[in-house]
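Colleague: Here is the input, now give the coordinates:
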Amino acid sequence: MRATGDASDRGVPVRAGVVGTVAVDVCSTGGRAMVVARTASDRRRGALARRDGESLAEAARTALRLRLPLVLELATSGADVSDGVDALHGWGGAAAAVAACSGVVPVIAAATGPVISGPALLLGLADLVVMTGAAVAFVSGPSMVAEFTGITVGIDALGGVGMHARSSGLCAVESDDVAASVADLLGFLPRHADEAAPYERNADPQDRRTPELRELVPARPGASYDVRHVIYAVVDDGTTCELWTDWAPQLVTAFARLGGRAVGVVANQPAALAGTLDICASQKGARFVRLCDTFNLPVITMVDTPGFLPGKDLEWRGMIRHGAELAFAYAEATVPRLCVILRKAFGGAYIVMDSKGLGNDLCLAWPGAEVAVMGAPGAVQILYRRQSGADRARLEESYADTFLTPWPAAERGFVDAVIDPADTRRSLVQGLSALWSKREPLAGKKHDAGPL
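Modeller: A predicted model of the protein is given here:
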């Protein structure tokens with residue numbers, strides 16, 4: 001992360017006289033000023049003594065004072081055992097200081113090697129985590145797991161980048177070029193929460209039509225497609241920065257630009273589990289919406305979901321609580337919120353994907369969109385359970401013609417406009433421009449107590 005060049009380009013050191021495993025600089029990468037704290041893994045395997053925790057804490061406090069993003073580049077074997085309980089208090093103080101940055105300045109953590117034991121929790125405090133192929137992160141190591149559970153597991157299986165990218169959701173970006181990845185992420189974020197989302201002029205016409213979207217969604221209701229192609233067609237230059245790509249792939253979350261403005265995009269992915277929402281997808285969406293709302297990025301939501309994924313294990317693990325996280329994140333967001341219903345929008349999943357009921361600012365729908373409590377087969381099964389054969393088929397067709405269209409929702413004001421898919425980009429750019437001056441007063445409260 002340290003810039004190259006002469007001494008004036010390398011940034012301003014902080015606590016340079018303190019001998020330890022942590023070095024702190026106020027520097028610039030990719031044209032963005034930031035505070036960077038990095039551990040030296042070649043010194044005591046990056047073990048953190050009390051003075052190292054104090055250096056990390058000072059880095060966080062400096063980022064707050066200067067209102068600059070905080071970048072933590074970590075490779076550590078944990079608290080320095082030779083320093084005793086002082087080492088624990090050191091990284092504990094660092095955790096408190098990093099937590100104080102939350103919601104004020106962006107915090108990005110990069111794991112470049114093993115990040116072990118208590119200090120691994122610093123990764124969990126970051127807004128976004130970048131992990132290299134050499135990174136490993138866990139609180140309890142393989143020997144501890146074997147001793148307490150009797151299960152033998154390797155280091156990579158326990159805490160490797162693959163596991164964190166696919167299963168835990170810790171890793172937002174997997175990359176061996178940490179500097180480039182951090183610069184890309186910060187390019188979509190303001191320096192602090194009191195700044196507007198970054199604007200970057202480009203040559204992509206704001207009124208560009210997207211006729212290719214007319215043919216993208218298959219005519220057969222159960223057929224899948226890759227929603228990324230919708231996103232690429234709509235955003236500036238077809239360019240996105242997708243986060244958590246392999247975690248809960250039935251929901252796509254990405255930074256992009258629309259009309260030059262940085263935005264966050266949330267989209268159901270029919271190509272994975274038919275775009276259904278489960279616990280991980282709900283957590284992923286909620287985390288991303290809250291991040292965008294914190295740093296003033298408008299949220300563009302693209303809906304094509306048949307509902308929540310059913311399952312006994314999901315219900316036992318808290319589908320209600322975690323599904324509510326997504327609804328809560330949208331409901332409390334104050335940034336401009338624009339929604340496009342591409343195809344299916346059924347039941348509770350329709351509501352939690354930023355519906356009018358949750359207070360979105362602009363809801364658009366394509367002509368083939370299906371906005372209803374459920375699909376025709378399920379509805380007919382409930383309403384006409386004694387019917388069968390040809391009668392059931394006729395009733396399903398009648399239900400679909402009557403209810404599975406966007407027009408009833410539009411007549412009730414739940415959809416603001418039914419648009420030609422070819423006008424999707426133009427309509428979103430116009431809507432975003434109209435909503436750019438949106439301001440919502442915040443309630444005077446300590447903080448919310450929403451579902452976690």
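Colleague: make it CA atoms for all contacts and neighbour counts henceforth
Modeller: Will do.
Colleague: okay, which residue is most central for this structure?
Modeller: residue 288 (2.8 Å; CA atoms, centre = their mean).
Colleague: Against residue 282, how distant is that one?
Modeller: 10 Å (CA to CA, to the nearest Å).
Colleague: which residues does residue 111 contact?
Modeller: Residues counted as contacts of residue 111 (CA atoms under 8 Å, 6 or more residues apart in numbering) are 73, 74, 75, 123, 129, 130, 131, 132, 135, 136, 137.
Colleague: before we move on, what SS does it have?
Modeller: strand (DSSP: H, G, I helix; E, B strand; the rest coil).
Colleague: Look up how far residue 184 lies from it.
Modeller: 17 Å.
Colleague: All the strands of the stretch 351-452 of the chain, residue numbers only.
Modeller: Using DSSP state E, counting those that start in this stretch, the strands found in the stretch 351-452 of the chain span residues 362-365, 370-372, 417-418.
Colleague: Any idea how far the last one is from the middle of the chain?
Modeller: The offset between the C-alpha centroid of strand 417-418 and the centroid of the whole chain comes to 28 Å, using CA atoms, centre = their mean, to the nearest Å.
Colleague: Outside of it itself, list whatever touches it.
Modeller: If you take CA under 8 Å, 6+ apart as the criterion, strand 417-418 is touched by 363, 364, 365, 366, 367, 406, 407, 410.
Colleague: can you give me the strands in the stretch 151-300 of the chain?
Modeller: 173-174, 240-243, 251-258, 261-268, 299-305.
Colleague: Of these, which is nearest residue 118?
Modeller: With respect to residue 118, and counting by CA to CA, the nearest of those is strand 173-174 at 22.1 Å.
Colleague: strands paired with that closest one, and their directions?
Modeller: In the sheet, strand 173-174 lines up against strand 128-131 (parallel) (DSSP bridges).
Colleague: Beyond the strand it pairs with, next helix or strand please.
Modeller: Next along the chain after strand 128-131, taking DSSP states H and E as the criterion, comes strand 136-138.
Colleague: Averaged pLDDT, that following strand. What do you get?
Modeller: Averaging pLDDT along strand 136-138 gives 95.
Colleague: same check, this time on stretch 266-281
Modeller: Mean per-residue pLDDT for stretch 266-281: 97.
Colleague: what does it rub up against?
Modeller: Contacts for stretch 266-281 (CA under 8 Å, 6+ apart): 224-228, 247-254, 285, 299-309, 314, 318-319, 322-323, 349.
Colleague: repeat that for 6 Å
Modeller: Outside stretch 266-281, the residues within contact range by CA atoms under 6 Å, 6 or more residues apart in numbering are 224-227, 248, 250-253, 301-305, 307-309, 319, 322.
Colleague: Any chance of a PyMOL selection covering the buried ones in these?
Modeller: Selection command for PyMOL covering only the buried members of the contacts of stretch 266-281, criterion 16 or more other CA atoms under 10 Å:
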select buried, resi 224+225+227+248+250+251+252+253+301+302+303+304+305+307+308+309+319+322
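Colleague: Give me the number of neighbouring residues for residue 431.
Modeller: Applying other CA atoms under 10 Å, we find 17 residues neighbouring residue 431.
Colleague: can I get the contacts of residue 111 in a markdown table with neighbour count and distance to residue 262?
Modeller: Converted to a markdown table, these look like this (neighbours: other CA atoms under 10 Å; distance: CA to CA, whole Å):
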| residue | neighbour count | distance to residue 262 |
| --- | --- | --- |
| 73 | 25 | 25 |
| 74 | 27 | 28 |
| 75 | 28 | 31 |
| 123 | 24 | 25 |
| 129 | 25 | 20 |
| 130 | 28 | 20 |
| 131 | 30 | 24 |
| 132 | 19 | 26 |
| 135 | 23 | 30 |
| 136 | 25 | 32 |
| 137 | 30 | 31 |
